[in-house]
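J.: Have a look at this prediction, sequence included:
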Amino acid sequence: MTALLAIEDLSVHYRSPAGPIHALRSVNLEVRRGEVIGIVGESGCGKSTLVSTLIALLAPNAEVTAGRVILTGQDILTLPEREKRAIRGARVATIFQDPMTAFCPVLTIGMQLCDFQHHLGTPRRVRQTRTTAMLAHVGIADAAVVMRRYPHELSGGMRQRAAVAAALLMQPEVLIADEPTTALDVTMEAQILHLLRKLRTEIDGAIIVVTHHLGVVGELCDRVYVMYAGQVVEEASVDDIYHAPRHPYTAALILCDPANLSNRATILPTIPGRPPDLLNTPKGCAFAPRCPHADAICRTVPPPRVRVSATQAALCHKVTA
Ligand code: ATP
Ligand code: MG
């Protein structure tokens, strides 16, 4: 089956006074219709940069130095701005990371959600009915009342649900959730995850979940891409990520996942060291300085991408097919 969305060999850097910050380096990713994909990695590894290329909305100082983003056969990065805008929201929609800042504070939730459907060309009354129904559908009681509320009048969990409703109202082919649960408490998080799981059977497209929380991936996703320092270091099914990780970074992430600890562990394990500076990326493997298996080759030669099965590949000198 051909991919709904494919990222091919994509490299992006940010211009900065100190020099280019290499936020994405030769990233490849493929999403098929019906799939839920997870993108996992530590803070600063390039997840949000990747999302911004998927909606063709990069920061002004960002530059795509190589690669393509193909949505149903078309490279969206080369389209004129007007056509990029038409894709954004309507075909690829994001659930914002921070719905408090994403909604306009001086307009009611109802007005904003109705405006989001502008491209559908339906009369205002129809959009209003549809919006109220969608708010109810994502689990907001009193949807008609909430329509008349301003964003600051909603709780964090309700705002997050409204953000999910906003994205769904666009009927996108690709729904992207960038850290959909980080701002929420555990109960809310469970409810939003439950909602996203329900939605996967409803949208005729794909969902991409971006998170640094492995638990979220296990709950929701079919396949996972693990990112480190701007690169995809491993791709695999959720099962293989948990039970047969091949990249030492993935293995370390699993070990540090609080869900895998015994109740008696009092100190959370962490991966020693820090990710490399993206201004001066290392010559060899980016993970080598933190990797227990690294040798001289790892420190000096860029690692190969080793395919271990049809669904699993790792960027590592030590992995054999
Ligand atoms: P987080 O988990 O904290 O959201 P992330 O994985 O989403 O992190 P990005 O926001 O994509 O990471 O950032 C990747 C790298 O690019 C980081 O080093 C970040 O500091 C840098 N960066 C992001 N946006 C810009 C910008 N507009 N200008 C300069 N550097 C940027
Ligand atoms: Mg981010």
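T.: Noted; the coordinates are in hand. Ligands and ions are numbered 1, 2, ... in the order given.
J.: Next, the buried residues of stretch 24-34.
T.: By neighbour count with 16 or more other C-beta atoms under 10 Å, stretch 24-34 contains the buried residues 24-33. Just so you know, the C-beta spots here come from the backbone N, C-alpha and C atoms, and that holds for glycine as well.
J.: How about it and ligand 1, any contact?
T.: No. Figure legend: stretch 24-34 not in contact with ligand 1 (C-beta under 6 Å from any ligand atom); closest approach 7.9 Å.
J.: Pull the distance from that stretch to the chain's centre.
T.: Distance of stretch 24-34 from the chain centroid (C-alpha atoms, centre = their mean, to the nearest Å) equals 11 Å.
J.: ok, which pair from the buried residues of stretch 24-34 is furthest apart?
T.: Greatest spatial distance in the buried residues of stretch 24-34: R25 and R33, 27.8 Å, computed using C-beta to C-beta.
J.: which ones among the buried residues of stretch 24-34 are found in strands?
T.: Among the buried residues of stretch 24-34, the residues falling in strands (DSSP state E) are 24-31.
J.: is it possible to export those to a markdown table including distance to ligand 2 and pLDDT?
T.: Putting these into a markdown table (distance: C-beta to the ion, whole Å; pLDDT from 0 to 100) gives the following:
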| residue | distance to ligand 2 | pLDDT |
| --- | --- | --- |
| L24 | 13 | 98 |
| R25 | 17 | 97 |
| S26 | 20 | 97 |
| V27 | 15 | 98 |
| N28 | 20 | 97 |
| L29 | 16 | 96 |
| E30 | 21 | 95 |
| V31 | 19 | 95 |
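J.: List just the nearest of those residues to G89.
T.: Set against G89, the nearest of those by C-beta to C-beta is V31 (17.8 Å).
J.: Roughly how far does that closest one sit from G139?
T.: Between V31 and G139 the distance is 26 Å, computed by C-beta to C-beta, to the nearest Å.
J.: ok, now Q74?
T.: Here the criterion is C-beta to C-beta. By it, Q74 lies 35 Å from G139.
J.: Look at those two and report which has more neighbours.
T.: More neighbours surround G139 than the other of Q74 and G139, with 17 against 12 (other C-beta atoms under 10 Å).
J.: if I read this right, that one contacts R161, doesn't it?
T.: Yes. Counting by C-beta atoms under 8 Å, G139 touches R161, with 5.8 Å between them.
J.: excluding its backbone neighbours, what's nearest whatever residue of the chain ends up closest to ligand 2?
T.: Going by C-beta to the ion, ligand 2 is nearest to S48 of the chain, at 3.1 Å. If the residues on either side of it in the chain are set aside, S48 comes closest to D178, at 6.1 Å by C-beta to C-beta, 6 or more residues apart in numbering.
J.: wait, doesn't the one you found sit right on V216?
T.: No. The pair D178 / V216 is not scored as a contact, 11.7 Å apart, by C-beta under 8 Å.
J.: List the contacts of the residue nearest the centre of the chain.
T.: Taking C-alpha atoms, centre = their mean, the centroid of the chain lies closest to V210, which sits 2.6 Å from it. Shown here is V210, whose contacts under the criterion C-beta atoms under 8 Å, 6 or more residues apart in numbering are 38-39, 47-48, 50-51, 176-179.
J.: related to what we said a few turns ago, run a quick neighbour tally on the residue nearest to S48.
T.: Per other C-beta under 10 Å, the neighbour tally for D178 reads 21.
J.: Next one: T211 relative to Q160, how far apart?
T.: From T211 across to Q160, the span is 14 Å (C-beta to C-beta).
J.: Neighbour count: these two, which is higher?
T.: Ranked by neighbour count (other C-beta under 10 Å), T211 and Q160 place Q160 first, with 27 against 21.
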